[in-house]
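Enquirer: 3D, please:
(one chain, ligands or ions: 1)
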Amino acid sequence: MMMMKKGTSAIDLDNILKDVLEIIIKYEEKYNRKIPVIAAGGIFTGKDIARVMNFGVSGVQMGTRFVCTEECDVSDTFKQAYINSSKEDIKIIMSPLGYPGRVILNPFMKRVLEIDKIKTACSFRCIKNCKADKVNFCIAKALLAAQKGNMEDGLVFCGENAHRVTEILTVPALMQELVNEAEIFYKHKPEKSLYRDTIK
Ligand SMILES: Cc1cc2nc3c(=O)[nH]c(=O)nc-3n(C[C@H](O)[C@H](O)[C@H](O)COP(=O)(O)O)c2cc1C
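Expert: Predicted coordinates for the structure are as follows:
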């Protein structure tokens, strides 16, 4: 998996996809089999989907757009944190496991960033490489609290475009919107050759 860097954009994703496909194609030829590439990170509209599919990827993975759906089982408070966020509220932090993660700066996150270590006893021992006594918060507790809507103790993960979410839709309505937008893109920009095919 390739990690996206701070301040990602559609252009960054497109460049990453080009790099990945160029490498993947060599292995496909070597082993004579197709290797699926799934594009993810910042894909927000049907137009985005159509754009990245034109590279010749096998599919897309979308997280952020589906958080604010009726079917998503996080609390309404969690969904409202997305809807009420601005671009400036979205930051990349280091998780207790040492990986970067994009979050919304809610009351909990502001506290974590201000205080060196929040008093936390580890009740789980869930992940081996988590140094429970050294980290400044317990990610399992923070994720559970956020899922339940407790913004004082909860960590709200999100994608770079969370601030662009304006409403809660049903999954079928969202899917229809994405299909409509993709169709408009294809109508105005008829498919030439896929990037994947041009590098063979
Ligand atoms: C609320 C939320 C939680 C996520 N949790 C994880 C996770 O635990 N592990 C992981 O590898 N990716 C996680 N992701 C990343 C998604 O799997 C996905 O690749 C990414 O969000 C796609 O970008 P997008 O949100 O801009 O569509 C999470 C994303 C969101 C929005």
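
Enquirer: now for stretch 165-172, what's the gap between its first and last residues?
Expert: With C-alpha to C-alpha, to the nearest Å as the measure, stretch 165-172 spans 16 Å from end to end.

Enquirer: try stretch 31-38
Expert: 19 Å.

Enquirer: Next, the contact list for the residue nearest the centre of the chain, please.
Expert: The centroid of the chain falls nearest to residue 159 when counting by C-alpha atoms, centre = their mean (4.0 Å). Contact partners of residue 159, counting by C-beta atoms under 8 Å, 6 or more residues apart in numbering, are 41, 42, 63, 64, 102. Where you see a C-beta, it was placed from the backbone N, CA and C, and this is true even at glycine.

Enquirer: From those, keep the buried residues only.
Expert: 41, 42, 64, 102 (16 or more other C-beta atoms under 10 Å).

Enquirer: can you narrow those to ones near the ligand?
Expert: Filtering the buried ones among the contacts of residue 159 for neighbours of the ligand using C-beta under 6 Å from any ligand atom leaves 41, 42, 64.

Enquirer: Tell me who's in contact with residue 45.
Expert: Applying C-beta under 8 Å, 6+ apart, the residues contacting residue 45 are 178, 181.

Enquirer: how's the protein carved up into domains?
Expert: According to automatic domain parsing, the chain comprises the domains 7-70+169-200, 73-166.

Enquirer: Could you dump the ones you listed into CSV with mean pLDDT added?
Expert: Output for the domains of the chain, formatted as CSV (pLDDT from 0 to 100):
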stretch, mean pLDDT
domain 7-70+169-200, 92
domain 73-166, 91
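
Enquirer: Output the contacting helices and strands for the host helix or strand of residue 24.
Expert: Element membership of residue 24, judged by DSSP states H and E, is helix 10-31. Helix 10-31 makes packing contacts with helix 46-53, helix 195-198 when contacts are defined by 3 or more C-beta pairs under 8 Å, 6 or more residues apart in numbering; DSSP states H and E.

Enquirer: quick one, helices of the protein?
Expert: Secondary structure of the chain (DSSP state H): helices at 10-31, 46-53, 64-67, 76-83, 107-114, 139-148, 171-188, 195-198.
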